[in-house]
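**Student:** Please find the sequence and the predicted model below.
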Amino acid sequence: MTLTPSLSDFDWIVLQETHAVEGVTPDEVWSRVQYHNVPAFRSMIEPALRRLSSLNLVRSLELEGHPLWMRTPQGHLIFNWRTQLTWPDPGPEPRPGETGNNRASAAPCDQYRPFHGQPGYCWCGWYRDEHSAQAQQSKEATP
């Protein structure tokens, strides 16, 4: 999957608002979407969630008969990379399995690559100082 799928501005906003670890209801998504001051209707939420689900960016869990929506790891990756691209120097793309939110492996990677969503952290999910000195320096060597 591409790291920059073609989504409407509204779909990106809905994806942004499904970041809660415990999941959010469609009504909570609607409440949060209204803060973005975009032309939208409550009836647009479920279709947007279904589109995002078909792309494996969000998933729904049922709790006592009520759907709770949350981002998948792929959803975190796509949203985080899109946010990273707004920086003057976004750096290299994340590697397979990396989202920036969670540790992708049992040890830090071999090249510190700043994840701007969490300053001081690498895309692999480990803090800069947890990388070897050589891995920390490789960021400066990267064009």
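**Tutor:** Received, thanks. Just so you know, these numbers come straight off a predicted model, no measurement behind them.
**Student:** what are the ranges of the strands in this structure?
**Tutor:** According to DSSP state E, the chain carries its strands in the segments 58-63, 66-71.
**Student:** May I see the buried residues of the first one?
**Tutor:** Applying a neighbour-count criterion of 16 or more other C-beta atoms under 10 Å, one finds 58, 59 buried in strand 58-63. The way it works is simple: take the backbone N, C-alpha and C, and place the C-beta from them, glycine included.
**Student:** other SSEs contacting it?
**Tutor:** helix 45-54, strand 66-71 (3 or more C-beta pairs under 8 Å, 6 or more residues apart in numbering; DSSP states H and E).
**Student:** Quick one: distance of it to the chain centre.
**Tutor:** How far strand 58-63 lies from its chain's middle: 17 Å, per C-alpha atoms, centre = their mean, to the nearest Å.
**Student:** now swap in stretch 80-88 and tell me
**Tutor:** That offset, for stretch 80-88, works out to 10 Å (C-alpha atoms, centre = their mean).
**Student:** Tell me the buried residues in it?
**Tutor:** Those would be 80, 81, 82, 83, 84, for stretch 80-88 by 16+ other C-beta under 10 Å.
**Student:** Restricted to helices, list those.
**Tutor:** Cross-referencing the buried residues of stretch 80-88 against helices under DSSP state H gives 80, 81, 82, 83, 84.
**Student:** my read: the first one touches residue 115, true?
**Tutor:** Yes. In this structure, residue 80 sits in contact with residue 115. The criterion is C-beta atoms under 8 Å, and the distance is 7.0 Å.
**Student:** Overlap of the contact sets of those two?
**Tutor:** 94, 100 (C-beta atoms under 8 Å, 6 or more residues apart in numbering).
**Student:** so where do the helices sit in the chain?
**Tutor:** 9-16, 26-33, 45-54, 73-84, 133-141.
**Student:** The fourth one to helix 45-54, inter-axis angle?
**Tutor:** Compare the direction of helix 73-84 with that of helix 45-54 by axes from the mean of the first three to the mean of the last three C-alpha atoms, to 10 degrees and you get 100 degrees.
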